[in-house]
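Asks: please work out how this folds:
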Amino acid sequence: MAGTPPAQRTRAQWTSPVPSFLTDNRNTDRNTELSHKDALTAAQAEHDRVREAAIRVYHSYELQEETKRLQEQQRTIREQQRAEEQRIRQEEQLRAEQERLRALKAKTVPPLPPQPDPPAPAPAPPAAAKPAAPPPSAQAEPPKAASAAPVTSQPHKEEPQATAVVPANNTSGLNGVASIVKQPASGLKEAAGSNPFNTTTNSPFTQPKPNPFGGASKPQALQTNGTLTTAAAARPAQVAQPAAPDRYVTIHQNLKKLRASIAQQAKASPALKTRLGDMRRELRKNMGQLVSGKGGNKTQVAAIQNILKESLAGSVPSELVDPHDYITDRREPVQGAQWNEPQLPSLFLYLLNQFSKAIINQFVNECGAQPKSADPVGVVAAMIFSNPLYLWRGKSLVDILMAKLRVGCPVLFGYRGSEKTEQGRLRLGWKKDGPGWIPEQAHIDRMKGLGVGYAAISMRDFSRSANTNPWPPRNYWTSLARILNTPPDEISNTQCVVVRAMLETYEERFIGFYGSQAIAAMRKALIEFPARIPAAGKSPGVLALQVLPDILKRDLGIDLS
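Replies: All right, here's what the predicted structure looks like:
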């Protein structure tokens, strides 16, 4: 009907299944004793629950606080330990500086002796007299003789004297000079008497002073060219020959010329220029990836060998050069040799030079602080230079590597000098940094690395190898003897550092090669050699050398006393 509101919808009233509070209020049992007990029980249970939760939270909080307190104590203790260690290091450095200052104050530089009068000129030899032998640097054929005469050196203060060329059929020694010490199967002659170092001949670099490796030898007549003779008195006097240049220094200069030649060739040949840079980088990369452990360097060695094979194969053309410019001896073709040609590709020799340079850099940069890292480098060097594929006329081209060692560490080759003079430092291999010299600690680290590196190359066992050892252990013995033959007033800190580096890591292998003779040599080097130095000249290197016998006795059971 119009004007009337719509009818409201009615809905059914449903009874709730949950009883309301009105129902409870109407309950007649709500004030009974049993109802009150139930309520008290429920309240007690809720109280216990809340209390346990609070206790649990409190214990957790206490545990966290205790953990934080312990961590704070540990952090405080560590900071105190670091502070104490820093203090001890500073005190040790201060002590070392004070000892060095005290040693420097105790040293005195002796005045130069008066210059001797020039000797009177010797009379000219008669026409029938036999001419003197040519110097080692001469590229002439060796003289014919039934047996080689022993070779010695003229007395010299700081530099080994040049010696005469000997027949090529003898065992070739350093700088192309035949070794006069007959070696047994192990590489050294058995000693006469109780002293295993008593020999009847001298090393090419032995000074005419008391030899710590042998007894007094009989005086022998000398020719003016330095060779011994039994009929010198019957021959007329000969004019003294000037000292020939060191052959290894000449080789080092020739290698610089080779590098310049390769650079010129690369400018004219784009293919050579591109491949040359890749080869050089590949060599450096693989040498820097060498690791310790047997079989861990197979990939690196294979990559180095592939580079050298490629340079020999001629796929990258380069000029041919005479290898005689990079070795110390004259060589004739040998039957069965892989390479008998009079010339070899200059790229191959250049890469051998770069390989040798990478070896030296590894020794200098890593082995001074970590001597054991020199062993894999020495293994790879011995493998490459003994490989028949890289021999020329049946012999190794290891003289390229030795020339770099000679320039880097002359002490190994018998040179000595004073560390207080410019010329003396040059003779010792002290490197320059611009107009001045590198710091003393940097020089010591270099000498340590080169000393242990030299031992890693020469202390290699080829008894189970079909190849020939390119630098056998007798050269290690010779280098050690050259240093130990130094007069007491000329012993330098550099020599002591090199001696320790040569012995500290390879003492067991040294004993394995030479047995009781090695024990006697180590006694000479570590006990008698530093004892000969005056108290005023006790440098840090000498003190470190004197400590090594105690370390060997403690760690290896080697008693040198």
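Asks: contacting residues for the nearest residue to residue 353 once chain neighbours are set aside?
Replies: Counting by C-beta to C-beta, 6 or more residues apart in numbering, residue 353 lies nearest to residue 255, which is 5.0 Å off, once chain neighbours are set aside. The C-beta positions use only the backbone N, C-alpha and C, and glycine is treated the same way. The neighbourhood of residue 255, defined by C-beta atoms under 8 Å, 6 or more residues apart in numbering, consists of 326, 353, 400, 403.
Asks: pull out the buried members of those.
Replies: 326, 353, 400, 403 (16 or more other C-beta atoms under 10 Å).
Asks: and the residues you listed, which is closest to residue 300?
Replies: residue 353 (18.8 Å; C-beta to C-beta).
Asks: need the contact list for the closest one.
Replies: 255, 258-259, 400.
Asks: need phi/psi at it.
Replies: Phi and psi for residue 353, reported as degrees, to the nearest 10, are phi -70, psi -40.
Asks: may I see the buried residues of whatever helix or strand residue 551 lives in?
Replies: Using DSSP states H and E, residue 551 falls within helix 540-555. Residues 540-542, 544-546, 548-549, 552 are the ones in helix 540-555 that count as buried (16+ other C-beta under 10 Å).
Asks: what does stretch 503-513 give?
Replies: Buried-residue list, stretch 503-513, by 16+ other C-beta under 10 Å: 503-507, 509-511, 513.
Asks: so for it, what's the average pLDDT?
Replies: What stretch 503-513 shows for mean pLDDT is 93.
Asks: same deal with stretch 551-561?
Replies: For stretch 551-561, mean pLDDT rounds to 88.
Asks: CA atoms of the helix holding residue 551 as PDB?
Replies: C-alpha atoms of helix 540-555 as PDB (Å, rounded to 0.1, in the frame of the first residue of the first chain):
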ATOM      1  CA  PRO A 540     124.900 -10.500  11.800                       C
ATOM      2  CA  GLY A 541     125.700 -13.000   9.100                       C
ATOM      3  CA  VAL A 542     128.600 -14.400  11.100                       C
ATOM      4  CA  LEU A 543     126.400 -14.800  14.200                       C
ATOM      5  CA  ALA A 544     123.700 -16.500  12.200                       C
ATOM      6  CA  LEU A 545     126.300 -18.900  10.800                       C
ATOM      7  CA  GLN A 546     127.400 -19.800  14.200                       C
ATOM      8  CA  VAL A 547     123.900 -20.600  15.400                       C
ATOM      9  CA  LEU A 548     123.200 -23.100  12.500                       C
ATOM     10  CA  PRO A 549     125.200 -26.000  14.100                       C
ATOM     11  CA  ASP A 550     122.900 -25.900  17.200                       C
ATOM     12  CA  ILE A 551     119.900 -25.900  14.900                       C
ATOM     13  CA  LEU A 552     121.200 -28.900  12.900                       C
ATOM     14  CA  LYS A 553     121.900 -30.800  16.100                       C
ATOM     15  CA  ARG A 554     118.400 -30.100  17.500                       C
ATOM     16  CA  ASP A 555     116.400 -30.800  14.300                       C
END
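Asks: just checking, what packs against that helix?
Replies: helix 33-106, helix 493-504, helix 529-531 (3 or more C-beta pairs under 8 Å, 6 or more residues apart in numbering; DSSP states H and E).
Asks: so what does the second one touch, helix or strand wise?
Replies: Right, helix 493-504. With contacts taken as 3+ C-beta pairs under 8 Å, 6+ apart, helix 493-504 sits against helix 440-458, helix 473-484, helix 540-555.
Asks: right, and those helices - which one's nearest residue 100?
Replies: helix 540-555 (6.5 Å).
Asks: report the angle between that closest one and helix 33-106.
Replies: 130 degrees (axes from the mean of the first three to the mean of the last three C-alpha atoms, to 10 degrees).
Asks: give me the residues contacting helix 540-555.
Replies: 96, 99-100, 103, 444, 491, 493-497, 499-500, 503-504, 507, 522, 525-527, 529-530, 533, 558-561.
Asks: quick one, which of the residues you listed are buried?
Replies: For these, a neighbour count by 16+ other C-beta under 10 Å gives the buried set as 103, 444, 491, 493-497, 499-500, 503-504, 507, 522, 525-526, 529-530, 533, 558, 560.
Asks: most widely separated two among the contacts of residue 353?
Replies: The span of the contacts of residue 353, defined through C-beta to C-beta, is set by 259 and 400 at 12.0 Å.
Asks: of all the buried residues of stretch 503-513, which two lie farthest apart?
Replies: Among the buried residues of stretch 503-513, 504 and 513 lie farthest apart (C-beta to C-beta), at 16.4 Å.
Asks: so where is this structure shaky, pLDDT-wise?
Replies: 1-28, 107-245, 536-537 (pLDDT under 70).
Asks: swap in 50 and give it another go.
Replies: 1, 126-243 (pLDDT under 50).
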